[in-house]
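Trainee: Need a 3D model of the following:
(one chain, ligands or ions: 3)
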Amino acid sequence: MKTIIQNGTIVTATDIYKADLKIEQGAITAISNHFIPEKDDHVIDASGQYILPGGIDVHTHLAWPFQSTGTADDFVTGTQAAAAGGITSIINFTNPKKGQTLLDNLQEWKKKGESSLIDYGFHSIISEYTDHVLEELPILAEREGVTSIKLFMAYKGELMVNDREMYKIMKKAGEVGIITSIHAENGDLIDELVEESLAKGNTDPIFHAYTRPTITESEATGRALAIAEAANAHVYIVHVSCADALEKVERAKKRGVQAFAETCPHYLVLDESYLALPDFEGGKYVCSPPLREKWNQDHLWRGISSGLVSTIGSDHCPFRFEGQKTLGRDNFAKIPNGCPGIEDMFSILYHYGVQEGRISLQKFVEVMSTGPAKLFGLYPKKGSISVGFDADLVLFNPKIRREITKVKQYQNLDYNLYEGTVVQGAITRVLSRGEEIVRDGIVVGQKGRGQYLFRKKVANIEKTVTS
Ligand code: DUC
Ligand code: ZN
Ligand code: ZN
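Mentor: Ligands and ions are numbered 1, 2, ... in the order given. Below you'll find the model as predicted:
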C-alpha cells in the first residue's frame, strides 16, 4: 500500500514549496505537483499544513542513571513524548559502569533501546580512560555504527576525564572517524565554588547558577577546542548556554578547528531568574550548565541564525519534582541536574524562533533535523524531504494555538518546564518510516517499533554541514 500526502507545503533546510508526496515501504519515492491516488492508497490531506522532516534529537538521557537517581523517562515514555513532539530519531547517551568495556556497555543500552517507539542510536560516554578504550573505538565505529562519543569535563568522580585523557581519546576518535561530544564545564573549579557556597549556608537552587558562572563554561569550552585542535579531531560542544562560550567556538572555527556547537531550548527562552522562584520551585530549573542571564539569549539566537550553532538538542534529562528534585531541598548540590525538553523542543523553537521572527522556517529545519543528521552520520537517509529519504515527517498546522501543560504531556513528569506557555502551531501527525505514529496529536505508534540507527563515520560527513 502507498501513502499519498496531498496539498501540503514541504519545508526543507533550503526550500518551501507546495507538492504531494508518495511514500512506499517507509521511504519517499516521489514528489510531484499532484498525484492521483489509486483505490487502495492511504491518503492524508495536509491542506494548510507544513510538512517538515522529523526532528532528530541528538541529546537525550533516557533511562539514564545519574547522581544517585535516574531519569524519569525510559525508552517507552521518553520516545512517546518525543513522537508527540515531532521527534522521529534520537541519539541517547549510554552510561558506562566502572570497569565495564564500552562494547559490553553498548550491548546493554541496545537492549534498553529495543522498547523505543522511534529510531534510536547511541553516543558512548567514556568516563574511565584505559588503553583498552582506545582499542574499542574503531570497533564501535565499524561494527556497531556508533560514530560519536561523549566526554565530560565536570562531575568529578562520576564522569569527568582530565585533559590528557581527553587528548588521547580525541586523537584516536579523530583517526577512526568518530566525533567527540563534550560537556564543557570546569569541574574542579565548580566543586570548589560549591563547597565555598555551602560553607556559607547558601543552599538554595539559585546558588547552583552562582557556583557555575559563565567563566567555568567558557574556559572549559576553549580548553576542549584547543585539545581537539591538537588532536586533529571533530568536536561537538553540547548545550552551549552563553555568549562567552559561543565566542570560543566562533574563534576556533575561524582558525580551522572542526568545531560544532549545539544549544538547547531552555537556554533560548528561560533564564537564571527561574532558579530563584520561591518554595523550591527553582529546583525544577536546575540543569548544567545553568540557565543564564537573559541577555545571552540574543547571542544564542544570532548564533543559530548565522550558522555558528549547528543543532538544537533537547538535553532531555528529566527528573520528577517530588522525590527527585526535592532530594536537594536543603542543599542545591543534591538536586539532580537536568531539565526535560524532548516533547516541547520543536514547539518552543518554532514559536520563539520562527513565529517571533528570530529564525527562518528553513533554518528551523536545518537545526532541528538536517544539521544533526549530517553531523551524526544519518544523512542522506534522515534529515530532509527528498526521494530516497526515510518518510520521517511532521505535519504541522501553523494556525492552531495551544497551551503547553503537564496535564497533556507524555513525559513521565509531575511538572512541565514551560507550563502555561501558549504557542503558535500544533503537530497534527507524525510519520516514522511512513507509519503514522501520531494522529490528531495523539501517539498511536507502538513501543518497540523503533529501529537501531547504525551511523556513518565522521570522515563521511558532507562538507555541507554549516560551518
Ligand atoms: N547536564 C544536565 O543538566 N543533566 C545531565 C548531565 C548534564 O550535562
Ligand atoms: Zn552535559
Ligand atoms: Zn546532557
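Trainee: so what's Thr421 up against?
Mentor: Residues in contact with Thr421 (CB atoms under 8 Å, 6 or more residues apart in numbering) are Ile348, His351, Glu403, Ile404. Yep, even glycine has a C-beta here, placed from its N, CA and C like the rest.
Trainee: Same question for Leu431.
Mentor: Listed by CB under 8 Å, 6+ apart, the contact set of Leu431 reads Thr3, Ile23, Gly54, Thr88, Ala391, Asp392, Leu393, Val394, Ile437.
Trainee: Which helix or which strand is home to it?
Mentor: For Leu431, the host element (DSSP states H and E) is strand 422-432.
Trainee: strands paired with that strand, and their directions?
Mentor: Strand 422-432 has the following sheet partners, assigned by DSSP bridges: strand 393-403 (antiparallel), strand 435-439 (antiparallel).
Trainee: who's in contact with the closest residue in space to Ser386 that isn't next to it in sequence?
Mentor: For Ser386, ignoring the flanking residues on the chain, the nearest one in space by CB to CB, 6 or more residues apart in numbering is Ile28 at 6.7 Å. Listed by CB under 8 Å, 6+ apart, the contact set of Ile28 reads Leu21, Lys22, Ile385, Ser386, Val387, Gly388, Phe389, Asp390, Ala391.
Trainee: which element is Ile28 on?
Mentor: Here Ile28, judged by DSSP H and E, is contained in strand 27-32.
Trainee: I'd like to check the angle between that strand and strand 393-403, please.
Mentor: Here the directions of strand 27-32 and strand 393-403 differ by 80 degrees (axes from the mean of the first three to the mean of the last three CA atoms, to 10 degrees).
Trainee: Go through strand 27-32 and flag the buried ones.
Mentor: For strand 27-32, the buried set under the neighbour-count rule, 16 or more other CB atoms under 10 Å, comprises Ala27, Ile28, Thr29, Ile31.
Trainee: and of those, the nearest to Glu175?
Mentor: Minimum distance to Glu175 across those is 33.7 Å, recorded for Ala27 (CB to CB).
Trainee: Of all residues in the stretch 351-467 of the chain, which one is closest to ligand 1?
Mentor: Leu417 (12.0 Å; CB to the nearest ligand atom).
Trainee: The residue of the stretch 51-200 of the chain at minimum distance from ligand 1: how many residues sit nearby?
Mentor: With CB to the nearest ligand atom, the shortest gap between the stretch 51-200 of the chain and ligand 1 falls at His183, namely 4.7 Å. Neighbourhood size, His183 [other CB atoms under 10 Å]: 24.
Trainee: Report the beta-bridge partners for it.
Mentor: Under DSSP bridges, the beta-bridge partners of His183 are Phe152.
Trainee: how much space between Thr405 and Gly420?
Mentor: Per CB to CB, to the nearest Å, Thr405 is found 7 Å from Gly420.
Trainee: who has more neighbours, these two?
Mentor: Between Thr405 and Gly420, Thr405 has the larger neighbour count (other CB under 10 Å), namely 12 against 9.
Trainee: Write out the residues of the chain neighbouring ligand 1.
Mentor: His61, His183, Cys287, Ser288, Cys317, Asn337, Gly338 (CB under 6 Å from any ligand atom).
Trainee: Next, format those as TSV and append pLDDT.
Mentor: Below are the residues of the chain next to ligand 1 laid out as TSV (pLDDT from 0 to 100):
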residue	pLDDT
His61	98
His183	98
Cys287	98
Ser288	98
Cys317	98
Asn337	98
Gly338	98
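Trainee: Go through the residues you listed and name the one nearest Ala245.
Mentor: For those, the residue nearest Ala245 by CB to CB is His183; the value is 11.7 Å.
Trainee: doesn't Lys150 make contact with that closest one?
Mentor: Yes - between His183 and Lys150 there is a contact under CB atoms under 8 Å: 7.0 Å.
Trainee: Overlap of the contact sets of the two?
Mentor: Listed as contacting both His183 and Lys150 by CB under 8 Å, 6+ apart are Val238.
Trainee: how near is Val269 to ligand 1?
Mentor: Using CB to the nearest ligand atom, to the nearest Å, Val269 is found at 16 Å from ligand 1.
Trainee: which SS state does the residue lying closest to that residue once chain neighbours are set aside fall under?
Mentor: Closest residue to Val269 in three dimensions, ignoring its sequence neighbours and counting by CB to CB, 6+ apart: Tyr352, at 5.3 Å. Classification of Tyr352 by DSSP: H, G, I helix; E, B strand; the rest coil places it in helix.
Trainee: Would you mind listing the buried residues in the host helix or strand of Ile4?
Mentor: Element membership for Ile4, per DSSP H and E: strand 3-11. Within strand 3-11, the residues scored as buried using 16+ other CB under 10 Å are Thr3, Ile4, Ile5, Gln6, Gly8, Thr9, Ile10, Val11.
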